[in-house]
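> pasting the sequence and the predicted model now:
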Amino acid sequence: MTSLAKKYRIRSSVKILKDVNSVKFHVENDDYFGTAATLVHLLREQLVEQIKKAPAGEKNLINKAFKNLEADLVLLQKNYYIKTKKKANHKTAKGKLKSQ
């Protein structure tokens with residue numbers, strides 16, 4: 001008995017946000033939302049054939065959802081930036097100062 005489920009993989013040549021250093025790089029360069037919008041666009045391009053096979057109503061909803069998400073991310077990129085929060089336990093120094 002064969003399995004009808006297909007294993008899909010999206011292969012990308014661009015560096016995806018995999019680690020802390022990559023995220024810090026994008027945040028420091030104020031392009032985090034732009035990077036996310038680009039990844040969403042690339043994902044949509046990878047799924048074009050599967051989207052074409054969907055029923056017309058669903059196809060329109062899928063395309064509209066992708067376009068809205070991309071537009072929202074571009075809006076965020078143009079108008080906002082991410083700032084790191086300091087954790088509550090990092091606000092004050094612990095232990096003795098070197099001068100003590």
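That came through, no problem. Numbers count the residues shown, from 1 in each chain.
> tell me the buried residues in the helix or strand where G34 lies?
Taking DSSP states H and E as the criterion, G34 maps to helix 32-46. Buried residues in helix 32-46, counted by 16 or more other CB atoms under 10 Å: Y32, F33, G34, T35, A36, A37, L39, V40, R44. Where C-beta positions appear, they are placed from N, C-alpha and C, glycine not excepted.
> and for stretch 76-84?
Those would be L76, Q77, for stretch 76-84 by 16+ other CB under 10 Å.
> now the terminal residues of it, how far apart.
Using CA to CA, to the nearest Å, one end of stretch 76-84 lies 16 Å from the other.
> got a list of contacts for it?
Stretch 76-84 is contacted by residues V27, D30, D31, Y32, F33, G34, A37 when judged by CB atoms under 8 Å, 6 or more residues apart in numbering.
> what's the closest of those to N63?
A37 (15.6 Å; CB to CB).
> how close does the spatially closest residue to the closest one that is not a sequence neighbour get to V40?
Closest residue to A37 apart from its sequence neighbours, by CB to CB, 6 or more residues apart in numbering: L73 at 3.7 Å. Separation of L73 from V40 (CB to CB, to the nearest Å): 7 Å.
> the host helix or strand of I51: which residues count as buried?
I51 belongs to helix 48-52 when elements are defined using DSSP H and E. If you call a residue buried by 16+ other CB under 10 Å, then helix 48-52 has no buried ones at all.
> which of the residues in the longest helix along the chain are buried?
Secondary structure assigned by DSSP state H gives helix 56-79 as the longest helix of the chain. Using 16+ other CB under 10 Å as the test for burial, helix 56-79 gives F66, L69, E70, L73, L76, Q77.
> many thanks, we can stop here.
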